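Trainee: give the three-dimensional model of this entry:
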Amino acid sequence: MKRALILLVLFTGVVLVVLDRTLMPLEPLRAAGSTVYGTVQSAIGTVTRSVGGEGRLRALEQENARLRAELAGGGTKSRPATVPAPYRGVSAHVVGFGQGRNVTIDAGSAAGVTRDVTVLNADGLVGKVSWAGPATASVSLITDPGSSVGARMADSGELGVVAGVPGEGLLRLSLFDPNAPLEVGDQVETLGSAGGRPYVAGLPIGTVARIERVPGAATRTALVRPAARLSALDLVAVVVPDPGR
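Mentor: Numbering: from 1, shown residues only. Here you go, the predicted structure:
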């Protein structure tokens with residue numbers, strides 16, 4: 001009976017996705033589906049994590065606590081991560097992948113997650129929330145070709161922007177000054193958006209992997225390898241407004 005119920009829920013979800021993308025917008029149903037899917041996914045995730053043993057569960061709990069502490073203290077690992085005072089971190093697990101452009105997390109509006117807020121993990125910037133239902137949310141990854149993030153070089157302070165490179169899992173950095181100093185291994189951080197949305201300042205974006213030399217170009221460009229392993233995401237943190245502050 002339980003197996004039949006799970007299969008029914010999954011089948012219904014597939015039908016809703018097809019209708020949403022091909023026939024008509026289903027925003028109200030999508031929100032309802034988020035609640036059902038989030039509940040089922042959370043239950044499955046709990047069972048899966050328990051099957052992995054106490055060690056796995058303890059490791060996730062420790063990682064959860066560490067992320068919260070780092071957000072509260074303004075840091076991700078040993079790199080500075082300036083989180084504006086009226087914000088807090090909501091922990092979530094990645095429960096679905098969308099062809100390298102987006103992921104689904106098991107936290108939504110019920111936990112305070114809203115659109116256009118920063119998502120990160122212990123290594124660096126992951127992306128931003130593009131849609132939030134009651135129990136789940138979609139996160140647009142920084143490697144999405146449609147993504148654009150204001151950037152600052154950690155050492156020189158030079159400004160620019162990074163965008164996703166189709167099919168490569170890399171980012172293209174464009175510095176505004178075509179004569180700006182730039183070397184392989186340089187660290188790139190978020191410049192930050194007004195009010196910290198969609199991106200807070202000072203988060204690690206990645207490392208310069210290859211410099212592109214284009215004579216006469218108006219900007220200086222390079223390929224950047226993301227700091228976060230976007231193909232192997234698990235626990236993430238969403239930076240959201242904190243109504244208690």
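
Trainee: lowest-pLDDT helix or strand in this structure?
Mentor: Using mean pLDDT, DSSP states H and E, the weakest-scoring helix or strand in the chain turns out to be strand 79-80, at a mean of 34.

Trainee: show me what counts as buried in stretch 221-236.
Mentor: Buried positions in stretch 221-236, judged by neighbour count with 16 or more other CB atoms under 10 Å: Thr221, Ala222, Leu223, Val224, Pro226, Ala227, Ala228, Leu230, Leu233, Leu235, Val236. For every residue, glycine as well, the C-beta is placed using N, CA and C.

Trainee: strands along this protein, start to end?
Mentor: In chain order, the chain shows strands spanning 75-76, 79-80, 87-98, 102-105, 118-120, 125-132, 137-141, 148-153, 159-165, 170-175, 187-190, 204-212, 220-226, 235-241, with DSSP state E as the criterion.

Trainee: include distance to Gly112 when you put those strands into TSV, please.
Mentor: Formatted as TSV, those follow (distance: least, CB to CB, whole Å):
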stretch	distance to Gly112
strand 75-76	20
strand 79-80	24
strand 87-98	6
strand 102-105	13
strand 118-120	13
strand 125-132	9
strand 137-141	11
strand 148-153	23
strand 159-165	27
strand 170-175	28
strand 187-190	21
strand 204-212	24
strand 220-226	26
strand 235-241	5
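
Trainee: and those strands: which comes nearest Gly196?
Mentor: Minimum separation from Gly196 across the strands of the chain (CB to CB) falls at strand 87-98, 6.1 Å.

Trainee: what pairs with that closest one, and is each one parallel or antiparallel?
Mentor: strand 102-105 (antiparallel), strand 235-241 (antiparallel) (DSSP bridges).

Trainee: quick check: which of the ones you listed is nearest to Ala194?
Mentor: strand 235-241 (14.0 Å).

Trainee: only alpha carbons, please: show the closest one as CSV.
Mentor: Output in CSV follows, covering the C-alpha atoms of strand 235-241 (Å, rounded to 0.1, in the frame of the first residue of the first chain):
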residue,chain,number,x,y,z
LEU,A,235,24.0,20.0,2.6
VAL,A,236,23.6,23.7,1.7
ALA,A,237,22.6,26.8,3.5
VAL,A,238,20.2,29.4,2.3
VAL,A,239,20.8,33.0,3.5
VAL,A,240,17.4,34.5,4.3
PRO,A,241,16.0,37.6,6.2
